[in-house]
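A.B. asks: structure for the following, please:
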Amino acid sequence: MFLLILLIKIGRLVLFPFEKGLPFIFAKISRIKPNISPALHSLKSGLLLEFGRFLGRLSKIKSKLVLPKIKHVKKPMQVPIFRTSPKFRMQKTFLLISWLFVEIRIIGGRVFKFYLIYVLGFISALVIVMAPYVVWQWWKELPNPELLIVAASQKPTRILDRKGVLLYEIFVDKKFEPVKLDQVPEHVIKATLAVEDEDFYNHPGISVKGMIRAAFKIITKESFQGGSTVTQQLIKNALLSTDRTLERKLKEVALALLVETKYSKDEILEMYLNNIPYGGTSWGIQAASHRYYGKDVWELSLAEAAMLAGLPTAPSAYSPITEPDIAKIRQQHVLDRMVEVGYLTQAEEEVALAENLTFVDEISYLRAPHFVDFVRRDLESKYGKRYVDLGGLTVTTTLDLDLQEQVQQIVKEEIAANLKLNITNGAAVVMDVKNSEILAYVGSVDYYRAGWGAFDVASAYRQPGSSIKPVTYALALSGKYTPASIIKDTPVTFQVPGSEAYSPKNYDNRYHGNVTLRSALANSYNIPAVRLARDVGAENIVQKGKDMGLTNWDPSDAYGLSVTLGGEEVRLVDHTNLFATLARGGVAKELKPYLSVKDSKGYEIYDNIPKTEKRVLGADVCYLIWSILSDNFSRIPAFGTQHYLSFPGHTVAAKTGTTDSKRDNWTMGYTPQYVVGVWVGNNDNSPMNQYLASGISGAAPLWHKIFAYVLDQKGSENEKMEMPDNVFAKLYPQCGNRSEFFIKGSVVPQTICPKPVEDKKDEDKEKKEDKDKD
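C.D. replies: Numbering: from 1, shown residues only. Take a look at the predicted model:
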């Protein structure tokens, strides 16, 4: 109520001059005497007196309240006394409200003229008070003109291979390729201004002629658009929505005036040329030049420039690709406008119209798609998705595109040749050992295969089978074991508290008696591996695997002895890096997918120095592992002499792995320079053919072809791992004149010829001992 009275008072002051004048005006019109009835005067006086008391009590300034003087009439009516006791509160409230409305029911007459003053006063006061607030709120919601600079500088993030070949450009839905105004030819600028805004350098951001034309369209209900200057178009495309509403148009006009005071004409024109749509995802004159002509903007001819200048008004309708005839008419219109404005002569226009334009096919750069996705995810985890999408980064990756394309082709051919084994998919990763640089990365047989092709198996979690065994053996060799240590490959059952008894089996369902550690690893026997896992501890295997590069392994989780046989999942890309750690002699490094990451201004933001470089194994242990995995003689019992794990003239360490039911098949291998990891299987997790033979079919032939290509193309010599000073070799003539390697200080046996298990009684005894031990 107080606010209502206050608004009326303000309105009363605003309309005070009219209070005396309007009665005379009405009198002239209605021929009624300009006086006010005594009853009305009495009511007015009484109400004003009560309002004074009411305001005085609220503001405690009763003594200072000055009431307007009341003109007395000849026959005044006694002013009613309004009491403030509770008894009269309802009457008082009623009178306060009825002061505005009680006499309105009497249409016409002197009362209407009097209350018209107060009604108009109330409305005027409301407008005076609320209008600035509404305008301020509207103005506050306008976009910041400084965002134009951000929009004008938007560039796609470019992902390149190690030689600078473009793999992919990342942009949300608009491809920007900003250029400076001085890089844009004069005829391109003139063509644009002639058709879009010939008075650009003379108006303050809005065109009066254009606005009148737009207003006429609004009145005739043609549309809520038109009449836009270059400045207004820039604002519409960079800061506002494309809604065809009067409100958006008003915002556009207001911002245009503001932008013209903040930026120079050349700055506005440069931002415009970089932010206007030219069709599809091409935004900006440079992106359009590349899209339609395959050249830079500074190479455009007059005819080509005129064709592009006509596109922004309606890129789809005037597209020279889909609507060549209409585009030609639009080009002529642009050239006609240039002649009218004085930018061209008639002869120059005719020459331009006669030029035969050649357009290029739209190129979708997406090479090494799975690798691009991998890099993009990694970048987003480091810098955030928005910065990657809009930051205009230049990312030079470690990928060798030539090698990548060859590896992709090999994967495709080998998988096609193995369909009879029910193998439908494969993945491969090639790394440079020195810094774990990814040279090739194939996530599936075909990225564009419907249904599952885009799924990246190289980054998916799959069980590695026996290919993970080197971690267990490395731990054993770091302790009391040597390559000559004897391990029993006999039936055994492990009693695990809280779990069912575990009785591992070999892949060939046979037992091989006493075997050396070398033979057990080279032939991938399961039972010796589980015995070693029991000795070194499953939790230590998990910790060592994580240290060597398996990012998803968590030592705090509970793992069983089956971890040594591949019971826990890994990613192919991490698994390959684990073998790179072995190839480096026990120094673990982070995966390195890129060489350089620069921001939009060309400043390096990527720390090229590895953040994680840690020795996790001794070089002596890694040498022993390498000597076993590259020992083709020791693996003969399991793989024979005809397999895909050896290379004439090269020493290559290799390890295979196959999961239960043959759902995953792996081959991992390395030299001191390169490491290659391969997986084959099916995305739906269906088993492969049971006749698949690890090392002979499945992943091994694919791995062999890739590694052979790497060794051939990279010109790699037969480089062997350097033997550490604390490792020595001992010859055993009694065991076929074979040698074995040992770390200084370890126990050296007299023979490396394993003692065979003599009879079943000994096997049963061994089985009982293992049960008691567990």
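A.B. asks: strands of the stretch 151-300 of the chain, residue ranges please.
C.D. replies: Applying DSSP state E, counting those that start in this stretch to the stretch 151-300 of the chain gives strands spanning 157-160, 166-170, 175-176, 282-283.
A.B. asks: got it, and the stretch 451-600 of the chain?
C.D. replies: Using DSSP E, counting those that start in this stretch, strands in the stretch 451-600 of the chain cover 461-462, 486-489, 513-516, 570-571, 587-589, 594-598.
A.B. asks: and the ones you listed, which is most packed in?
C.D. replies: By mean neighbour count, with neighbours taken as mean count of other C-beta atoms under 10 Å, strand 570-571 ranks first of the strands of the stretch 451-600 of the chain at a mean of 24. For every residue, glycine as well, the C-beta is placed using N, CA and C.
A.B. asks: show me what that strand is packed up against.
C.D. replies: Judged by 3 or more C-beta pairs under 8 Å, 6 or more residues apart in numbering; DSSP states H and E, strand 570-571 is in contact with strand 461-462.
A.B. asks: my guess is Gly391 meets Lys601, correct?
C.D. replies: No: in terms of C-beta atoms under 8 Å, Gly391 does not count as a neighbour of Lys601; the distance is 10.4 Å.
A.B. asks: which one's more surrounded, these two?
C.D. replies: Ranked by neighbour count (other C-beta atoms under 10 Å), Gly391 and Lys601 place Gly391 first, with 21 against 7.
A.B. asks: so what's that one bridging to?
C.D. replies: With DSSP bridges as the criterion, Gly391 is bridged to Lys155.
A.B. asks: how close does it sit to Lys592?
C.D. replies: 21 Å (C-beta to C-beta, to the nearest Å).
A.B. asks: where exactly do the helices run in the stretch 151-300 of the chain?
C.D. replies: Using DSSP state H, counting those that start in this stretch, the helices of the stretch 151-300 of the chain run over 186-196, 208-219, 230-238, 246-262, 265-275, 285-293.
A.B. asks: hmm, who's touching the first one?
C.D. replies: Residues lying outside helix 186-196 but in contact with it, judged by C-beta atoms under 8 Å, 6 or more residues apart in numbering, are 181, 200, 230, 233, 269, 273, 285, 297, 300, 302, 305-306, 308-310, 312-313, 333-335, 337-338, 340-341, 343-344.
A.B. asks: got the domain ranges for the chain?
C.D. replies: Per the record, the chain has its domains at 2-139, 173-354, by automatic domain parsing.
A.B. asks: weakest of those domains by average pLDDT?
C.D. replies: Note on those: domain 2-139 shows the lowest mean pLDDT, a mean of 50.
A.B. asks: low-confidence regions, the stretch 401-550 of the chain specifically.
C.D. replies: Counting by pLDDT under 70, the stretch 401-550 of the chain contains no low-confidence range.
A.B. asks: any idea where the helices of it begin and end?
C.D. replies: 401-417, 469-478, 517-522, 526-536, 538-548.
A.B. asks: could you dump those helices to a markdown table with mean neighbour count and distance to Leu572?
C.D. replies: Putting these into a markdown table (neighbours: other C-beta atoms under 10 Å; distance: least, C-beta to C-beta, whole Å) gives the following:
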| stretch | mean neighbour count | distance to Leu572 |
| --- | --- | --- |
| helix 401-417 | 18 | 12 |
| helix 469-478 | 26 | 16 |
| helix 517-522 | 26 | 21 |
| helix 526-536 | 23 | 21 |
| helix 538-548 | 21 | 14 |
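A.B. asks: so Thr667: helix, strand or coil?
C.D. replies: Here Thr667 is recorded as strand under DSSP: H, G, I helix; E, B strand; the rest coil.
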